[in-house]
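Novice: Curious how this folds, go ahead:
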Amino acid sequence: MIADITFDTLAFVKELETAGIPPNQAEAQARALSRVIQQVEKSRHEEQKELATRGDVLRMGNQIELAKVELRKDIGTSKVETIKWVIATGFIILSGVAAINRFVPPPVPVHFHTQTQEMRTPAPATQPGK
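Specialist: Numbers count the residues shown, from 1 in each chain. Just a heads-up that it's a prediction; the model follows:
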């Protein structure tokens with residue numbers, strides 16, 4: 001709501017005329033000053049529309065709280081979905097490994113034995129009679 005400022009243009013004109021300003025100029029100054037005052041009040045009113053009231057702040061706080069609750073719910077749902085996908089993926093991987101082990105024969109082990117020379121020490125000679 002625009003608060004009207006009372007501006008008595010007639011008194012303003014008479015004051016200017018008393019100061020020696022011609023009536024035409026005094027009336028023109030009064031009209032110009034009246035328009036300036038109206039524009040200032042209009043801009044103040046528009047600035048006040050942009051300011052948040054206590055009710056606006058409370059409503060915004062409620063909206064933020066609702067957004068938090070929804071976000072927590074979405075995060076919980078995402079956690080459950082992620083766990084389901086991890087378990088399903090693990091099961092699929094284990095099934096694939098089991099299928100590969102069942103249907104693909106293991107490779108035949110190849111053992112290479114290198115020829116090693118056995119080193120024996122000669123047995124000590126025994127003396128007869130001892």
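
Novice: tell me the average confidence for the strand or helix carrying residue 13?
Specialist: Using DSSP states H and E, residue 13 falls within helix 9-18. The average pLDDT within helix 9-18 is 87.

Novice: Can you give the distance of the lengthiest helix in the chain from its chain's centre?
Specialist: When the chain is parsed with DSSP state H, its longest helix is helix 54-103. Offset of helix 54-103 from its chain centre (C-alpha atoms, centre = their mean, to the nearest Å): 17 Å.

Novice: got it, and stretch 11-24?
Specialist: 64 Å.

Novice: quick one: contacts of it?
Specialist: The contact list for stretch 11-24 (C-beta atoms under 8 Å, 6 or more residues apart in numbering) reads 25-27, 29-30, 33. All C-beta atoms are positioned from the backbone trio N, CA, C, and that covers glycine.

Novice: count of residues packed around residue 118?
Specialist: Residues within reach of residue 118, counting by other C-beta atoms under 10 Å, total 4.

Novice: repeat for residue 13
Specialist: 19.
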